[in-house]
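> here is my input, please return the structure:
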Amino acid sequence: MNMMTPKSDDDIETSLSGLNALDRLKKINEEGLDDKFRPSDDEIIDAFKELGINYNELSPLDKVDKIKRYDLSEEFMPSDEEIQKCIDGLSERIIRTTYQTVTPESAEQGDYADQGWHDEKGESMIPDDWEYEEKTVVDKAVEFITDEGGVSPSSSPFMIDTDYSTASPVTNYLTGEETYYTFHLYGFTEIEQKEIYERI
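Predicted structure coming up:
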């Protein structure tokens, strides 16, 4: 029976060389490599700077998003007091939904038969205090949009105020009407919007 020879430390270092600190960290986490291969905190901070992100200037909740996404060490975690203060000071983070209905007749004219608000008030994406153990604003937004089928961004590459539409319509088989939905972000920071875009 042929068995793969375990990689030596030198082999692992070679496979990680050339990767920036965040990609290195991702590979280490995905392959369950020893923590001794993890980049230093300074290397991680520098990698964020290369992406145009000053980690130390992020809000506590933006830091939580980054910590969860990249499995950063606890040293990067803001204090409970900082997180709670940020939660208390949050402005709205809501997703409003519009609809666009196409009929066989309107499709011939290349237009919508009807369009407007499906949910003008919107759904709040600010988790309850207890949810912050598991979810952040970004987590909730991504979950909401993808659960509703919003997989088509309005712009590529990312732009501020990108919205997301359903790729497949809800079809009324009696009338032939097809309804699409579009999800609009309100109150989200640019960093939050970019994170949502990348994860969707």
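
> surely residue 165 is within a helix?
No. Per DSSP: H, G, I helix; E, B strand; the rest coil, residue 165 lies outside any helix segment and is strand.

> any idea what it is bridged to?
residue 152, residue 182 (DSSP bridges).

> from residue 27, how far off is it?
33 Å (CB to CB, to the nearest Å). All C-beta spots, glycine's among them, are computed from the backbone N, C-alpha and C.

> same deal with residue 78?
For residue 78 relative to residue 27 (CB to CB), the value is 26 Å.

> centroid residue for the chain?
residue 196 (2.8 Å; CA atoms, centre = their mean).

> the strand or helix carrying that one: which residues count as buried?
Per DSSP states H and E, residue 196 falls inside helix 190-199. Neighbour counts over helix 190-199 (16 or more other CB atoms under 10 Å) mark 191, 192, 193, 194, 195, 196, 197 as buried.

> does the fourth one really touch residue 158, like I thought?
Yes. In this structure residue 194 lies within contact range of residue 158 using CB atoms under 8 Å: 5.7 Å.

> between residue 78 and residue 27, who's got more neighbours?
Shown here are residue 78 and residue 27; by other CB atoms under 10 Å, residue 78 has more neighbours (18 against 15).

> mind listing what that one touches?
With contacts taken as CB atoms under 8 Å, 6 or more residues apart in numbering, residue 78 has the following neighbours: 60, 63, 64, 86.

> returning to what we had before: how many residues are close by the residue lying closest to the residue nearest to the centre of the chain once chain neighbours are set aside?
Closest residue to residue 196 apart from its sequence neighbours, by CB to CB, 6 or more residues apart in numbering: residue 141 at 5.2 Å. Using other CB under 10 Å, residue 141 has 26 other residues around it.

> now do the one 3 residues further on
As a burial measure, residue 144 scores 15 neighbours (other CB under 10 Å).

> change the start of the numbering to 572 and stick with it
Taking 572 as the first residue, the last one we looked at is residue 715.

> tell me the spacing between it and residue 681.
Distance from residue 715 to residue 681, by CB to CB: 31 Å.

> just residue 690 next, same as before
In terms of CB to CB, residue 690 sits 27 Å off from residue 681.

> out of these two, which sits in the more crowded spot?
residue 690 (15 against 7).

> returning to what we had before: filter the contacts of residue 649 down to the buried ones.
Looking at those with 16+ other CB under 10 Å, the buried ones turn out to be 631, 634, 635, 657.

> which residue sits closest to the second one, ignoring its sequence neighbours?
Distances taken as CB to CB, 6+ apart put residue 649 closest to residue 634, at 5.4 Å, once the chain neighbours are dropped.

> do you know how far the one you found is from residue 675?
According to CB to CB, residue 649 and residue 675 sit 55 Å apart.

> partners of the lengthiest strand in the chain in the sheet?
Ranked by residue count and defined by DSSP state E, the top strand of the chain is strand 685-695. Sheet pairing of strand 685-695 (DSSP bridges) gives strand 665-673 (antiparallel).
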